[in-house]
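[1] Fold the following for me, if possible:
(chains A and B)
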Amino acid sequence: DAGVIQSPRHEVTEMGQEVTLRCKPISGHNSLFWYRQTMMRGLELLIYFNNNVPIDDSGMPEDRFSAKMPNASFSTLKIQPSEPRDSAVYFCASKGNEQFFGPGTRLTVL
Amino acid sequence: DAKTTQPPSMDCAEGRAANLPCNHSTISGNEYVYWYRQIHSQGPQYIIHGLKNNETNEMASLIITEDRKSSTLILPHATLRDTAVYYCIVRVPYSGAGSYQLTFGKGTKLSVIP
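    Numbering: from 1, shown residues only, chains lettered A, B, ... in the order given. The predicted structure is shown next:
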(Lines give C-alpha, C1' and ligand atoms only; values in the text may rest on other atoms or scores of the structure.)
Protein backbone atom coordinates (compact mmCIF):
# COMPACT_ATOMS: atom_id res chain seq x y z
CA ASP A 1 0.00 0.00 0.00
CA ALA A 2 1.54 3.29 -1.13
CA GLY A 3 -0.37 5.34 1.40
CA VAL A 4 -1.74 8.79 0.66
CA ILE A 5 0.16 10.36 -2.23
CA GLN A 6 0.57 14.11 -2.58
CA SER A 7 2.17 16.15 -5.31
CA PRO A 8 4.16 18.22 -5.63
CA ARG A 9 6.16 17.79 -2.40
CA HIS A 10 7.50 21.31 -2.68
CA GLU A 11 6.13 24.30 -4.56
CA VAL A 12 7.61 27.76 -4.82
CA THR A 13 5.60 30.36 -6.66
CA GLU A 14 5.16 34.09 -6.93
CA MET A 15 2.32 36.07 -5.49
CA GLY A 16 -0.67 36.15 -7.81
CA GLN A 17 0.02 32.83 -9.46
CA GLU A 18 -2.38 29.91 -9.41
CA VAL A 19 -1.32 26.91 -7.32
CA THR A 20 -2.79 23.42 -7.59
CA LEU A 21 -2.05 20.75 -5.01
CA ARG A 22 -2.93 17.13 -5.73
CA CYS A 23 -3.85 14.16 -3.61
CA LYS A 24 -4.45 10.48 -4.25
CA PRO A 25 -6.14 8.83 -1.26
CA ILE A 26 -5.66 5.25 -0.15
CA SER A 27 -7.73 2.94 -2.30
CA GLY A 28 -11.00 2.02 -0.63
CA HIS A 29 -11.07 5.01 1.70
CA ASN A 30 -14.29 6.99 1.28
CA SER A 31 -13.34 10.17 3.14
CA LEU A 32 -10.71 12.74 2.22
CA PHE A 33 -9.44 15.73 4.19
CA TRP A 34 -7.32 18.78 3.39
CA TYR A 35 -5.36 20.38 6.26
CA ARG A 36 -3.00 23.33 6.44
CA GLN A 37 -0.17 23.64 8.97
CA THR A 38 1.69 26.80 9.96
CA MET A 39 3.80 27.68 12.94
CA MET A 40 1.32 30.31 14.05
CA ARG A 41 -1.94 28.40 13.69
CA GLY A 42 -0.88 24.76 13.91
CA LEU A 43 -2.81 22.11 11.99
CA GLU A 44 -6.16 23.32 10.65
CA LEU A 45 -8.82 21.41 8.75
CA LEU A 46 -9.75 23.21 5.53
CA ILE A 47 -12.34 20.91 3.96
CA TYR A 48 -13.38 17.30 3.88
CA PHE A 49 -15.21 15.06 1.43
CA ASN A 50 -17.25 11.93 1.98
CA ASN A 51 -17.89 9.73 -1.07
CA ASN A 52 -16.50 12.55 -3.25
CA VAL A 53 -19.02 15.08 -1.91
CA PRO A 54 -17.79 18.12 0.07
CA ILE A 55 -19.26 17.86 3.57
CA ASP A 56 -17.76 20.81 5.42
CA ASP A 57 -15.72 23.59 3.85
CA SER A 58 -16.02 26.02 6.75
CA GLY A 59 -12.27 25.89 7.25
CA MET A 60 -11.50 27.20 3.78
CA PRO A 61 -10.01 30.62 4.51
CA GLU A 62 -11.20 32.60 1.50
CA ASP A 63 -12.80 32.36 -1.92
CA ARG A 64 -9.31 32.15 -3.34
CA PHE A 65 -9.27 28.56 -2.09
CA SER A 66 -11.24 25.81 -3.81
CA ALA A 67 -11.17 22.03 -3.63
CA LYS A 68 -12.56 19.34 -5.85
CA MET A 69 -12.84 15.58 -5.78
CA PRO A 70 -13.90 14.45 -9.25
CA ASN A 71 -13.57 10.77 -8.39
CA ALA A 72 -12.69 8.47 -5.50
CA SER A 73 -9.00 8.41 -6.35
CA PHE A 74 -8.15 12.06 -6.87
CA SER A 75 -8.58 15.46 -5.24
CA THR A 76 -7.18 18.92 -5.84
CA LEU A 77 -6.79 22.01 -3.71
CA LYS A 78 -6.42 25.19 -5.74
CA ILE A 79 -5.36 28.66 -4.64
CA GLN A 80 -5.99 31.45 -7.11
CA PRO A 81 -4.48 33.98 -6.78
CA SER A 82 -1.88 32.92 -4.25
CA GLU A 83 -0.54 35.27 -1.55
CA PRO A 84 2.53 35.10 0.69
CA ARG A 85 0.35 34.35 3.73
CA ASP A 86 -0.72 31.10 2.05
CA SER A 87 2.77 29.74 2.62
CA ALA A 88 2.34 26.59 4.69
CA VAL A 89 2.48 22.82 4.56
CA TYR A 90 -0.71 21.38 3.13
CA PHE A 91 -1.65 17.84 4.12
CA CYS A 92 -4.14 15.51 2.56
CA ALA A 93 -5.56 12.62 4.61
CA SER A 94 -7.91 9.79 3.82
CA LYS A 95 -9.96 7.70 6.17
CA GLY A 96 -10.77 4.04 6.29
CA ASN A 97 -11.04 2.98 9.92
CA GLU A 98 -8.73 5.85 10.88
CA GLN A 99 -7.25 8.89 9.19
CA PHE A 100 -3.96 8.43 7.39
CA PHE A 101 -2.01 11.46 6.30
CA GLY A 102 0.10 12.07 3.25
CA PRO A 103 3.62 13.52 3.37
CA GLY A 104 2.41 17.05 2.68
CA THR A 105 3.16 19.77 0.14
CA ARG A 106 5.36 22.60 1.35
CA LEU A 107 4.12 25.76 -0.39
CA THR A 108 6.13 28.94 -0.49
CA VAL A 109 4.58 32.02 -2.04
CA LEU A 110 7.09 34.80 -2.65
CA ASP B 1 -15.44 17.80 20.81
CA ALA B 2 -13.90 18.03 24.27
CA LYS B 3 -10.83 20.15 24.85
CA THR B 4 -7.54 18.53 25.84
CA THR B 5 -4.57 19.79 27.83
CA GLN B 6 -1.05 18.46 27.31
CA PRO B 7 2.35 19.61 28.58
CA PRO B 8 4.17 21.51 25.84
CA SER B 9 7.33 19.44 26.05
CA MET B 10 8.92 16.39 27.67
CA ASP B 11 12.27 14.62 27.61
CA CYS B 12 12.82 10.89 27.83
CA ALA B 13 16.02 8.85 27.92
CA GLU B 14 16.49 6.41 25.07
CA GLY B 15 15.38 2.92 26.06
CA ARG B 16 13.19 4.13 28.88
CA ALA B 17 9.41 4.30 28.88
CA ALA B 18 7.89 7.58 27.74
CA ASN B 19 4.68 8.48 29.55
CA LEU B 20 2.74 11.28 27.90
CA PRO B 21 -0.20 12.68 29.90
CA CYS B 22 -3.40 14.25 28.62
CA ASN B 23 -6.21 15.89 30.54
CA HIS B 24 -9.71 15.84 29.08
CA SER B 25 -11.91 16.67 32.05
CA THR B 26 -14.94 17.65 29.90
CA ILE B 27 -15.00 14.44 27.89
CA SER B 28 -18.46 13.10 27.13
CA GLY B 29 -19.56 9.53 27.61
CA ASN B 30 -19.37 8.61 23.94
CA GLU B 31 -16.13 10.42 23.09
CA TYR B 32 -13.03 8.44 22.27
CA VAL B 33 -9.45 9.40 23.09
CA TYR B 34 -7.16 9.38 20.06
CA TRP B 35 -3.40 9.81 19.87
CA TYR B 36 -1.47 10.91 16.79
CA ARG B 37 2.14 11.94 16.44
CA GLN B 38 4.01 14.07 13.93
CA ILE B 39 7.65 13.48 13.26
CA HIS B 40 9.47 16.49 11.86
CA SER B 41 8.61 17.22 8.22
CA GLN B 42 6.14 14.34 8.02
CA GLY B 43 2.36 14.08 8.15
CA PRO B 44 0.62 13.11 11.40
CA GLN B 45 0.59 9.40 12.14
CA TYR B 46 -2.18 7.50 13.92
CA ILE B 47 -1.00 5.72 17.06
CA ILE B 48 -3.91 4.39 19.08
CA HIS B 49 -7.37 5.18 20.40
CA GLY B 50 -9.67 4.01 23.17
CA LEU B 51 -12.98 4.64 24.93
CA LYS B 52 -12.59 3.48 28.52
CA ASN B 53 -10.58 0.29 28.56
CA ASN B 54 -6.83 0.31 28.36
CA GLU B 55 -5.56 -0.42 24.86
CA THR B 56 -2.28 -1.75 23.51
CA ASN B 57 -0.93 -2.17 20.01
CA GLU B 58 2.46 -2.60 18.41
CA MET B 59 3.27 1.07 18.84
CA ALA B 60 2.04 2.03 22.29
CA SER B 61 -0.29 1.53 25.22
CA LEU B 62 -3.12 3.83 26.22
CA ILE B 63 -4.17 4.05 29.85
CA ILE B 64 -7.47 5.85 30.52
CA THR B 65 -8.44 6.67 34.10
CA GLU B 66 -11.64 5.23 35.48
CA ASP B 67 -13.39 8.62 35.45
CA ARG B 68 -12.06 9.14 31.88
CA LYS B 69 -10.89 12.66 32.69
CA SER B 70 -7.30 11.91 31.81
CA SER B 71 -5.18 9.43 29.93
CA THR B 72 -1.55 8.48 29.41
CA LEU B 73 0.15 7.31 26.25
CA ILE B 74 3.01 4.96 26.99
CA LEU B 75 5.87 4.22 24.61
CA PRO B 76 7.47 1.28 26.43
CA HIS B 77 11.01 1.59 25.08
CA ALA B 78 11.54 4.99 23.52
CA THR B 79 13.97 5.30 20.63
CA LEU B 80 15.42 8.36 18.95
CA ARG B 81 12.92 7.85 16.14
CA ASP B 82 10.09 8.48 18.61
CA THR B 83 11.10 12.13 18.87
CA ALA B 84 7.98 13.91 17.65
CA VAL B 85 5.01 16.06 18.63
CA TYR B 86 2.31 13.90 20.19
CA TYR B 87 -1.32 14.99 19.91
CA CYS B 88 -4.13 13.85 22.20
CA ILE B 89 -7.57 14.31 20.64
CA VAL B 90 -11.02 13.46 21.96
CA ARG B 91 -13.96 13.11 19.64
CA VAL B 92 -17.24 11.35 19.06
CA PRO B 93 -17.13 8.05 17.19
CA TYR B 94 -17.74 7.82 13.48
CA SER B 95 -21.50 7.83 13.11
CA GLY B 96 -21.80 6.47 9.60
CA ALA B 97 -23.87 9.46 8.58
CA GLY B 98 -20.82 11.24 7.27
CA SER B 99 -17.15 11.49 7.92
CA TYR B 100 -15.36 12.90 10.92
CA GLN B 101 -12.87 15.57 11.77
CA LEU B 102 -9.83 15.63 14.02
CA THR B 103 -9.12 18.86 15.88
CA PHE B 104 -5.43 19.12 16.67
CA GLY B 105 -4.16 21.17 19.60
CA LYS B 106 -0.55 22.11 20.23
CA GLY B 107 0.48 18.66 21.47
CA THR B 108 3.53 17.60 23.47
CA LYS B 109 6.95 17.78 21.91
CA LEU B 110 8.74 14.63 23.06
CA SER B 111 12.52 14.64 22.82
CA VAL B 112 14.21 11.27 23.23
CA ILE B 113 17.71 11.82 24.55
CA PRO B 114 20.59 9.41 23.73
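[2] Stretch A:85-103 close to chain B?
    Yes - Stretch A:85-103 reaches chain B (C-beta under 8 Å from any C-beta of the partner chain) through A:Phe91, A:Ala93, A:Lys95, A:Glu98, A:Gln99, A:Phe100, A:Phe101, A:Gly102, A:Pro103. Bear in mind the C-beta positions are built from the backbone N, C-alpha and C, glycine included.
[3] Check these for the minimum pLDDT and say which it is.
    Within the residues of stretch A:85-103 next to chain B, A:Glu98 has the lowest pLDDT, namely 87.
[4] OK, contacts around the spatially closest residue to that one that is not a sequence neighbour?
    Leaving aside its sequence neighbours, A:Glu98 sits nearest to B:Tyr46 (C-beta to C-beta, 6 or more residues apart in numbering or on different chains; 4.6 Å). Shown in contact with B:Tyr46 (C-beta atoms under 8 Å, 6 or more residues apart in numbering or on different chains): A:Glu98, A:Gln99, A:Phe100, B:Tyr34, B:Tyr36.
[5] Mind giving me the PyMOL select for the residues of stretch A:85-103 next to chain B, buried ones only?
    Of the residues of stretch A:85-103 next to chain B, the buried ones can be selected in PyMOL as follows, counting by 16 or more other C-beta atoms under 10 Å in any protein chain shown:
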select buried, chain A and resi 91+93+95+99+100+101+102+103
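[6] of all of chain A, which residue lies closest to chain B?
    A:Phe101 (3.2 Å; C-beta to the nearest C-beta).
[7] which parts of chain B sit against chain A?
    B:38, B:41-46, B:49, B:98-106.
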